[in-house]
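Engineer: Can you look at this prediction? I've put the sequence above it.
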Amino acid sequence: MDTSRGDNNDSASFDGRRRLLENERKPKNEDDANWFSKFTFFWINSLINAAAKGQLLEMDDLPNLTKEIEVGKVDNEFMEMLHKYPSSSGGVPLLRALHQYLKFKFYPLCLPKVFYDALSYMSPLLVGYMVELVSDPKASIVDGVYISVGLVVSNILMALTGAHYAHLLNRVCMKVDTVGLASTVSLGIALFVLVPVYFIAKKMASLYAQLVSAKDRRVMLVNEAIHGMQTLKLNVLEDIYEKRILKLRREEVKYLKRRKYIDALSVYIWATTSLLMATFTFVVFVLLGNRLTPSKVFTSLSLCQLMFTPVINLPWFINSFYQASVSIKRIACFLSTEAASLDFYCEKPTSEGKEKFFFRTVADQNIALDMNKVAASWEEANATIKDITFSVKQGELVGIYGPVGSGKSSLLYAILGEISKCAGSVYVRDWKDGVAFVSQDPWLSNSSVRDNIVFEKEFNSHLYSTVIDACALGPDLLVRLFMFFLFLRYRLPQGDQTLVGERGRALSGGQRARVALARAVYQDKPLYLLDDPFSAVDRNVANVIFDACILGCLRSKTVLMVTHKLDFLRRVDKIIFMKKSGTVIFGSPDRMLPLISAETSMSALRHDGNDEAVDFQFSNVQKMDYLCYKSVVEREDEEEKEDMEVSFTPCCHHQIGLVKFSVYKSYIRSLGCCMFVAILFAFILMQTSRNASDWYLSYWLQSSKGNETVNRFFAASGDPRDNISTELIIYASLAVANSVFVLFRAFLYAYGCLRAARVLHDRLLHKILQAPLRFFNETAPGRIINRISSDIFTIDDALPSQANILAKFAFEILGAIVVLSYSMPWCLVSLLPLFLYYGYIHKAYRLACCSIKRLYSVSLSPVYSHFVDSIGGAATIRALRVSNRCSNKCRMESNNVGSLKLFVNEFLERFSFNMRSQYSEYASTIWLSIRIQIISIITLGTVCATGLLQRMFGQARPELVGLGLSYVLLLKGLLAAFVPSFTESEKAFVSVERVLSYINNLESESSEELTQETVECWPAYGGIVFENVVVRYTADGSAALDNISFEIHPGEHIGIVGRTGAGKSTIFGALFRVCHLEKGRILIDGLDIASVGIRQLRSKLGIVSQDPFLFSGTIRENLDMKGEYTKEQLLQTIESSELGDLIEQLGGLDHHVEEGGTNLSAGQRQLICLVRAIMTKKKIVCIDEATSHVDLDTDARMQRLLRKTFADATVLTIAHRVNTVLSCDRTFVVEGGRIVECGTPEDLIHNPESKFRSLIGDTSILG
């Protein structure tokens, strides 16, 4: 019996049901809705229902953007518009382009806005007519029905018009936020208030600019600390950096405090002026001898509120306008900067005399690269390279050699056109096809290993396999490609699908270098620029890469390669020798190597030259060929990545559902319980005084003394100033009391929120800086920075404003309900079902908005990360000319944009997710607005019907009907504003929730510290003992250190060698307690380091890491961040370390260092970090590839310096350069997490079966 057909049918049926469920789960898109659903906004129901069911978990669960506002479409349309307006001396006309692009979408919105505002003024007038009708016993009930219907219909039209206006305005934004003579009193007060409002708005705008500037400086410092966390942790500098950040935070809070106090003044004006305006209006009205009637009073109250709303919103409008203008100016300034592009450097020198670095043609078609009298510099003051002239033929391999700081990397950047100011000319053959560039600090995108290698090209299995083998990545991935079949055995967690993390942090330094090289080889470009590609790999791997890749895959390409390995320079076609003096010599190896030998110290060459130059002789060992090397490495159990075995995932865990009460409770604790009670009491006093004044006004009208008392006083005295009505005094006193309470509440609230923001920031910063290093290895920096920047800024600014508005609305609603219960109690009972429905939609909306806000927050991190990631690799991306796959139109219109087109598209894709969350949020708000308006309209109709019924039975009291109707109109607006305000506040509290998740859940290193005290002189000798130490990075992973045991005597210098991934750096990690010991213990001078606090332990150890990291500031600050040494002591140490010429070349100790030391070469950074370690004078020093980026002469000088400086210290050195460890007392050979050999370098080299001997390969090419 054939069951396959049945199985296929079952499978098809299952797939159909699955697709149906997915379609049911996914909210409906606006473009798919019919006209009625769009008109009534029913299409949003599916989004709200999905949130109520807990189905808004991923970005794909949100509705798509409409075609009109798709990110890619808007981007293309606006860029086309921007290109129509050429840049002028004032910069890019960004505002003009925005206006031109949006004018046909924005100006038509004026029509519904005018219609909406006209309808809004109808309600107070109709309320006045209704009160007059109730007051007049002769009036017809039919007229009352007409008035009630008019109120209901006008409010329905207002609801629909306002909703569509808001929806259309949001879509536009997403493409780029009657009493006669006495009425003159109201107008005068409004005009008078405009004066302070204007100055308040102006001051708020200027403070905002200062606040943003201070915030940027703080976030930049936090960003620097996070990226240099390993250096901070291992050198115990967390407290120093925390103080630096808190100093900038105090400056930021200073501007924030001023802004919040001025904002409190705005709140005071906002909350009190409408009441004061009505009060003074009524006082003047009565004193003029007029009679107050309910219709005039309650119509005036409503009109005053409407009239003054634009005035009180003016400060926020001006502030928002200023913020937008500042942002537009900053963007326009950025767009006006000169873009680095190969196309740009094709230009001839300008008529102004400013020389530009331009490309030219040469007659010899065999020339691949020609430089003629080129001078280039990173800064305008000093030229980095001068008068460089040479020619390279097609297919030639050119080695570039020179001491630290001689301009080797600058030469490559000059060829790429990345130098900011240049002179001379360059010819690059087929430059439009791109250049393959591998930087000294390899750049990788935050994607998989395969995506990094394939990059923008089509996947070719045969080419991919060849590149993997040539770049020695096979042992890491264990990937073999035969024909079209892929056989995988993974060493990385997911093989070539392993995510490399931000900046390639999931890989070791050697892996990053080889993946970057593999990407360059796979791109198949005519010209290759390789900046020291062998510095991070051991000798055997370097030999494999040089033979299989440089001399193999790239044998027909033109290659310029920076290297310090003399054995490789002997095998190149030409050598460029760059001296510190700026002189450049170009020639064949036969001519250049003797010159290099003459320039370099003999101490360097004797360890890097042939076997006769070595102090001890041994017979040659043939170099392992590539297949043999692979078979050896494949037997190793330890994975390549030593620092951390982590699987980097782009997702971010987030809460679901509503914000928990514990979040609010924690915020109140940060605010201070006493402060919270005081603020709450101030709110109660404020609202009570406001409702009391309205109640007393109705009481006054009921007693009918409003005019008689004044007339009585007028009759007794001709001067009304001698006698003031008691009613007027009481009413005015209540208004003044309300004003005082509002002022007190506003400033008290501002102070409390500032305190809460300061407490939360300080706790978060401390918790992050005290987190263990594995947290920073497992978490993308963008996520951490998002917490300390975006979330903290929300807590600083948005949260207090939104919570303030929410509290005001909440107390006003409570006050309105109290007043309605007094004026129309039976009406309130009949409205109970509506309030239950209100509670239902409130909860549904909150669920939707909280879920959307979390998705919005999660979607920001990939946007930030991708932007920073792309900027970091801009030079590599531009060099590869990935725009070749773009359309011709794209290339013609903007080569600068086109060269990054693929990365721009990926950025727009990620940004589209963020915009979908904003779009969903706007849609949810409109959904809520429609339903609340319906509730309010029914409430209004019910009050009108109740008033008419009371009029029919003769029980109507006009002053209470007027009070009730005026409060229903007020309640209508309050209910419509309360839920969005509540949700905005809750969304702002999501930031508090995210901050608290770090504060409460982050593990702290300080919590691991034990109480045992150590003596000040520990360690006195520096003896180290590892006893059966086992380190495993993951529970199911292989052991990075496998039951390792050894003893190091005090004062010994130990060299640690082994292939990449053998476990060398893990030994350092265990010693510094970066890694958790699964088994065993480590003793220093007989004391178990587990009994010593982590910070105290690390303060006793010195380290120079493989990746040198410098912090922004001066060289002096980087050498002595704790300020423990005088300038004379620093200069003395520098002179004794033979690095005085380097510091002098850079400009002295006060030379400014950019973040990460980006304005220095890798070699210069390593030397400064080495001096920093020398300054500490520790008894135990760990050196991890500290001189991999320096030339051999400098390396030899540094080795002599280390032996001299740390003669009495215990030194552990990891190195790939053999000459670095030949002078050590003993050498450990690490393989598979074990020490497989131990002995003096001389004994190990003399042993024919030694693994150490196999590692160094052919002794004629040591170094």
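Structural biologist: Arrived safely. Predicted, not measured: the structure shown is a model, and the values here were computed from it.

Engineer: ok, Phe978 touching Ala810?
Structural biologist: Yes - using C-beta atoms under 8 Å, Phe978 makes contact with Ala810 at a distance of 6.8 Å. C-beta: built from backbone N, CA, C; applies to glycine.

Engineer: neighbour-wise, which of these two wins?
Structural biologist: Comparing Phe978 with Ala810 by other C-beta atoms under 10 Å, the one with more neighbours is Phe978, at 21 against 16.

Engineer: what sits against the more buried one?
Structural biologist: Phe978 makes contact with 806, 809-810, 813 under the criterion C-beta atoms under 8 Å, 6 or more residues apart in numbering.

Engineer: Using the three-state scheme, assign Arg931.
Structural biologist: Put simply, Arg931 is helix when judged by DSSP: H, G, I helix; E, B strand; the rest coil.

Engineer: Ignore what I typed, I meant Ile388.
Structural biologist: From three-state DSSP, the assignment for Ile388 is strand.

Engineer: begin at 262 from here
Structural biologist: That works, and once the first residue is 262, the last one we named lands at Ile649.

Engineer: is it in a bridge, and if so with what?
Structural biologist: When bridges are called by DSSP bridges, Ile649 pairs up with Val635.

Engineer: following the host helix or strand of Leu1097, which helix or strand comes up?
Structural biologist: Leu1097 is part of helix 1093-1133 when elements are defined by DSSP states H and E. Following helix 1093-1133 in sequence order, the next helix or strand is helix 1135-1141 (DSSP H and E).

Engineer: Are there helices or strands packed against that next one, and which ones?
Structural biologist: Other helices and strands packing on helix 1135-1141, by 3 or more C-beta pairs under 8 Å, 6 or more residues apart in numbering; DSSP states H and E, are helix 669-677, strand 696-699.

Engineer: Tell me which strands the shortest one pairs with, and in which orientation.
Structural biologist: The one in question is strand 696-699. For strand 696-699, sheet partners with direction are given as strand 788-792 (parallel), following DSSP bridges.

Engineer: Show the contacting residues for Ser1185.
Structural biologist: Applying C-beta under 8 Å, 6+ apart to Ser1185 gives the contacts 305, 308-309, 1106, 1109-1110, 1113.

Engineer: switch the cut-off to 6 Å
Structural biologist: Taking C-beta atoms under 6 Å, 6 or more residues apart in numbering, we find Ser1185 in contact with 1109-1110.

Engineer: That one sits in which helix or strand?
Structural biologist: Under the criterion DSSP H and E, the helix or strand holding Ser1185 is helix 1162-1213.

Engineer: just the angle between that helix and helix 1093-1133, please?
Structural biologist: In this structure, helix 1162-1213 runs at an angle of 160 degrees to helix 1093-1133, with axes from the mean of the first three to the mean of the last three C-alpha atoms, to 10 degrees as the basis.

Engineer: Quick check: next helix or strand after helix 1162-1213?
Structural biologist: Towards the C-terminus, the helix or strand next in line after helix 1162-1213, according to DSSP H and E, is helix 1219-1262.

Engineer: Next, the angle helix 1162-1213 makes with that next one.
Structural biologist: Angular relation of helix 1219-1262 and helix 1162-1213 on a 0 to 180 degree scale: 150 degrees, by the same axes, to 10 degrees.

Engineer: And the next helix or strand past helix 1219-1262?
Structural biologist: Moving toward the C-terminus from helix 1219-1262, the first helix or strand encountered (DSSP H and E) is strand 1285-1292.

Engineer: Break this structure down into its domains, please.
Structural biologist: Following the assignment in automatic domain parsing, the chain carries domains at 355-438+441-595+919-1129+1155-1262, 654-666+693-895, 1367-1441+1449-1471.

Engineer: Out of these, the one nearest Pro1509 is which?
Structural biologist: Shortest distance between Pro1509 and the domains of the chain, using C-beta to C-beta, is found for domain 654-666+693-895: 7.3 Å.

Engineer: hmm, back to that, need the buried ones from the contacts of Phe1239 selected in ChimeraX.
Structural biologist: One line in ChimeraX is enough to select the buried ones among those; burial here means 16 or more other C-beta atoms under 10 Å:
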select :1067,1070,1071,1074
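
Engineer: Which stretches in the stretch 812-961 of the chain count as strands?
Structural biologist: 819-823, 835-839, 845-848 (DSSP state E, counting those that start in this stretch).

Engineer: Show me what the last one is packed up against.
Structural biologist: Applying 3 or more C-beta pairs under 6 Å, 6 or more residues apart in numbering; DSSP states H and E, one finds that strand 845-848 makes contact with strand 835-839.

Engineer: related to what we said a few turns ago, what does the average pLDDT come to for the helix holding Ser1185?
Structural biologist: The predicted model gives helix 1162-1213 an average pLDDT of 74.

Engineer: Kindly report the same for stretch 590-604.
Structural biologist: If you average the pLDDT over stretch 590-604, you get 61.

Engineer: Same question for stretch 1470-1478.
Structural biologist: For stretch 1470-1478, mean pLDDT is 83.

Engineer: got it, and stretch 1387-1400?
Structural biologist: The average pLDDT for stretch 1387-1400 rounds to 77.
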